[in-house]
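Visitor: structure for this input, please:
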Amino acid sequence: MGKKERSEREVKRENYATKHSAEKRKQTLIAIGVLSIIIVIVGYAGWMFINMTDSAQEDQKMQES
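Guide: Modelled structure (predicted):
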């Protein structure tokens with residue numbers, strides 16, 4: 001009886017560990033996806049800001065001429 005109960009506990013522990021690691025992996029992938037989207041948005045906004053600044057300086061130079 002003792003060996004059977006011990007093996008059942010081991011199976012339950014393995015199942016719990018598998019479910020727990022899968023849930024952690026899922027949460028990690030979601031976090032990476034969200035952070036990636038944020039980085040893309042911030043990068044695009046920065047690129048647009050730099051281009052707007054450059055075009056504003058070119059417009060100012062054209063008006064001065």
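Visitor: any low-confidence regions in the chain?
Guide: Within the chain, the segments meeting pLDDT under 70 span 1, 56, 58-62, 64-65.
Visitor: pick out the residue closest to the middle of it.
Guide: By C-alpha atoms, centre = their mean, the chain has its centre lying nearest to Ile32, at 1.7 Å.
Visitor: can you pull out the helices in the protein?
Guide: For the chain, applying DSSP state H gives helices covering 2-64.
Visitor: circling back: relative to Lys24, how far out is the residue nearest to the centre of the chain?
Guide: 13 Å (C-beta to C-beta, to the nearest Å). (C-beta placed from N, C-alpha, C; glycine too.)
Visitor: go on, Ser7?
Guide: The gap separating Ser7 from Lys24 is 26 Å, by C-beta to C-beta.
Visitor: check Met52 too.
Guide: From Met52 to Lys24 the distance is 42 Å (C-beta to C-beta).
Visitor: and Ala31, by the same measure?
Guide: According to C-beta to C-beta, Ala31 and Lys24 sit 11 Å apart.
Visitor: repeat for Met48
Guide: The gap separating Met48 from Lys24 is 37 Å, by C-beta to C-beta.
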